[in-house]
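Visitor: structure, please.
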Amino acid sequence: MNDEEKKTSVTEVPKEKARSRKYLGWAVLFIGFGFGLTWRRIIHSRVLFGWWEQMYGRVPDRLFFPLEEFFDQPDSRLSVFIALLLLFAGLLVMLILSRGTRRWYENLLLFLVFAFQFLWLQPCLCASGDRGRQIYCANEFRQIYFQLQESGGDLPDQIPLEWQKSQQYDHEVIYHGKGRSLNEKRERFVILEDAPRSHVGDLRHRLWSDGKVESWYPWKEGKK
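Guide: Take a look at the predicted model:
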């Protein structure tokens with residue numbers, strides 16, 4: 001083998017290695033792209049939410065309820081971050097492995113893949129599955145308070161069912177106002193609150209005697 005043949009063989013080997021690394025990089029990129037799409041499809045299908053609901057009572061409340069809220073919000077920041085992380089991981093590996101070997105049309109394809117994934121991962125303007133119920137519930141509590149004020153301030157033995165306007169958002173509530181009055185000079189007290197697990201994450205609303213509606217999580221206060 002003469003000197004020219006040796007030089008040719010030496011240069012061909014690095015080119016073959018570079019080409020193989022580039023193909024591997026593209027493969028890793030599309031794997032990350034596929035995982036990102038798969039994650040979004042799974043989280044939007046609410047399969048994980050339905051499966052996690054069956055875990056209630058089997059895991060501690062401090063673990064169950066935060067994940068219940070997360071699985072109910074397919075477009076939460078964390079969900080989008082996970083999908084983007086999968087994409088960026090594949091993109092980073094691809095850029096490293098194909099360094100110096102990409103052609104212009106490969107860069108264009110790379111940009112299109114990234115742009116499509118980025119735009120597709122933008123959070124939609126829709127709310128989570130339970131968000132509408134939470135908003136309606138808080139507003140309904142305020143309406144009940146106005147009606148209690150109009151009745152003179154003396155609280156009934158139970159909340160009339162006709163005060164609940166929409167059966168679509170009905171759920172059990174716990175009433176504490178029997179024998180009480182809004183005109184009491186003592187410290188404020190809870191009139192009405194959501195029953196356990198009325199909302200995702202065990203979020204509960206409280207209606208106080210001063211008309212304020214507050215949201216709280218019992219499991220964050222160490223209660224079962």
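Visitor: and residue 185, how far is that from residue 209?
Guide: 11 Å (CB to CB, to the nearest Å). Yep, even glycine has a C-beta here, placed from its N, CA and C like the rest.
Visitor: more neighbours, these two?
Guide: residue 209 (22 against 5; other CB atoms under 10 Å).
Visitor: does the more buried one really touch residue 176, like I thought?
Guide: No. Taking contacts as CB atoms under 8 Å, residue 209 lies outside contact range of residue 176: 9.6 Å.
Visitor: which neighbours do the two have in common?
Guide: 189, 190, 191 (CB atoms under 8 Å, 6 or more residues apart in numbering).
Visitor: the last one looks like it's in a helix, true?
Guide: No. Secondary structure assignment places residue 191 outside any helix; it is strand (DSSP: H, G, I helix; E, B strand; the rest coil).
Visitor: can you pull the contacts of it?
Guide: 145, 148, 155, 175, 176, 177, 180, 207, 208, 209.
Visitor: and the second one, what does it touch?
Guide: Contacts of residue 148 were listed using CB under 8 Å, 6+ apart, and they are 155, 177, 182, 191.
Visitor: ok, and the most crowded of the residues you listed?
Guide: residue 191 (23 neighbours).
Visitor: confidence score at that residue?
Guide: With respect to pLDDT, residue 191 scores 91.
Visitor: could you do the one 3 residues further on as well?
Guide: What the model reports for residue 194 is a pLDDT of 90.
Visitor: tell me what the residue lying closest to it once chain neighbours are set aside is bridged to.
Guide: In space, and not counting its chain neighbours, residue 194 is closest to residue 204: 4.0 Å by CB to CB, 6 or more residues apart in numbering. Counting by DSSP bridges, residue 204 forms beta bridges with residue 216.
Visitor: for residue 43, grab the count of nearby residues.
Guide: 22.
Visitor: circling back to that earlier point, which ones are touching the residue nearest to residue 194?
Guide: Residue 204 sits next to 193, 194, 195, 196, 198, 215, 216, 217, 218 when contact means CB under 8 Å, 6+ apart.
Visitor: and which of these is nearest to residue 110?
Guide: Closest approach to residue 110 among the contacts of residue 204 (CB to CB): residue 217, at 44.1 Å.
Visitor: right, and the closest one touches residue 205 too?
Guide: No. The pair residue 217 / residue 205 is not scored as a contact, 11.3 Å apart, by CB under 8 Å.
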